[in-house]
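# Below are the sequence and a predicted model for it; my questions follow.
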Amino acid sequence: MPRPADLRQLLAIVDQAYDRRSWHGTNLRGSIRSVSAKRAAWRPAPRRHNIWELAVHAAYWKYAVRRRLTGEARRSFPLKGSNWFTRPIDTSEGAWEADVALLDETHRSLRETVVNLPASRLHRRLGESQETCFSVISGVAAHDLYHAGQIQLLKVLSSEKGDLRMISEIASTRLLHGVWHRKLRQVERPERSGKDRIAPAIVGGRKTHLRVAER
């Protein structure tokens, strides 16, 4: 039986955001392909999330959306806790692969739930929430892509051969706020004043210039 157009659209969005080819570039599963446990555990600064934690966080929210769609009981996620999980606990490749497998499994379960969702429910509100089934499903796809972008940036920053232009563009963002203190070895002699300034810097052992916002 053919699926309704809205459901076909949702499945395409969910698939392209996770592991299917799409025009927009790297999706979530693609962003962690060939990433080692060591690289997944790297942090841009203390108390900032790493790739490993982002992957498990994405798995949790796939589970959470599926639970909202099915009415499954809380605390049924395989890991103790919610939202963010400190990683790594075990730094081995096996531990990293197990968490990637958890991400894959939660995605498969979510997708299966979407496939079997009656078309009549797609635009109904979920309980007392303002959200509908359609909005939370499309939202979890956007969530995948949001964190895929973060992972791509973390991969650049964790590489000694990282693109300096990209590093300078993201050094002062909220996501990687602590990168400034980790990567920036020296800032001196501001060249101009105003709302922001251009300052010479040494990043990754190489000379460059960064735009520094005045606070």
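On my side now, so go ahead.

# Tell me the gap between the longest helix anywhere in the chain and the middle of its chain.
Counting residues, the longest helix in the chain under DSSP state H turns out to be helix 133-157. How far helix 133-157 lies from its chain's middle: 5 Å, per C-alpha atoms, centre = their mean, to the nearest Å.

# got the buried residues for it?
133-134, 136-138, 140-141, 143-145, 147-148, 150-155, 157 (16 or more other C-beta atoms under 10 Å). All C-beta atoms are positioned from the backbone trio N, CA, C, and that covers glycine.

# Could you chop the protein up by domain?
5-159, 165-213 (automatic domain parsing).

# These: lowest mean pLDDT?
Mean pLDDT values for those show the minimum at domain 165-213, a mean of 47.

# Not counting its neighbours along the chain, what's nearest the most centrally placed residue in the chain?
What sits nearest the mean C-alpha location of the chain, by C-alpha atoms, centre = their mean, is His147, with 1.5 Å. Nearest residue to His147 in three dimensions, chain neighbours excluded: Leu54, at 4.9 Å (C-beta to C-beta, 6 or more residues apart in numbering).

# between the helix or strand hosting the one you found and helix 133-157, how many degrees?
Element membership of Leu54, judged by DSSP states H and E, is helix 51-70. Between helix 51-70 and helix 133-157, the angle comes out at 180 degrees (axes from the mean of the first three to the mean of the last three C-alpha atoms, to 10 degrees).

# So which other helices or strands are in contact with helix 51-70?
Contact here means 3 or more C-beta pairs under 8 Å, 6 or more residues apart in numbering; DSSP states H and E; on that basis helix 51-70 packs against helix 37-41, helix 93-115, helix 133-157.
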